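**Student:** dropping the sequence and predicted coords here.
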Amino acid sequence: MLTKQRWVEIMRASGMSDEDMNNWHRQFEKMEPETHQDFLASLSIEPGETRKIRTWSGN
């Protein structure tokens, strides 16, 4: 099972900065909001954190 921590490690290893990862979330939320929700849930991210991520990435 892929965790949030492991996903961040993969993104960092690919050269992504915090800004890059934030943009990735923004684009995911903009283009596929329900799939973004499903993805965050698949990483076992708590519902409160998921709401925060979706809120700032939707702006």
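**Tutor:** Thanks, I have it. Numbering: from 1, shown residues only.
**Student:** how far away is Ala41 from Asp18?
**Tutor:** For Ala41, the distance to Asp18 equals 22 Å [CB to CB, to the nearest Å]. Yep, even glycine has a C-beta here, placed from its N, CA and C like the rest.
**Student:** swap in Glu32?
**Tutor:** Applying CB to CB, the value for Glu32 to Asp18 is 22 Å.
**Student:** residue closest to the middle of this protein?
**Tutor:** Closest to where the C-alpha atoms of the chain average out (CA atoms, centre = their mean) is His25, at 5.0 Å.
**Student:** what helix or strand is that one located in?
**Tutor:** helix 18-31 (DSSP states H and E).
**Student:** and Thr50, by the same measure?
**Tutor:** Taking DSSP H and E as the criterion, Thr50 maps to helix 47-57.
**Student:** report the inter-axis angle for that helix versus helix 18-31.
**Tutor:** Between helix 47-57 and helix 18-31, the angle comes out at 90 degrees (axes from the mean of the first three to the mean of the last three CA atoms, to 10 degrees).
**Student:** against which helices or strands is helix 47-57 packed?
**Tutor:** Counting contacts by 3 or more CB pairs under 8 Å, 6 or more residues apart in numbering; DSSP states H and E, helix 47-57 is packed against helix 18-31, helix 33-42.
**Student:** mind running it again at 6 Å?
**Tutor:** Packing contacts for helix 47-57, counted by 3 or more CB pairs under 6 Å, 6 or more residues apart in numbering; DSSP states H and E, involve helix 18-31.
**Student:** report the distance from the helix it packs on to the chain centre.
**Tutor:** Averaging C-alpha positions (CA atoms, centre = their mean, to the nearest Å) puts helix 18-31 7 Å from its chain's average.
**Student:** what does stretch 32-48 give?
**Tutor:** What separates the centre of stretch 32-48 from the centre of its chain is 8 Å, taken as CA atoms, centre = their mean.
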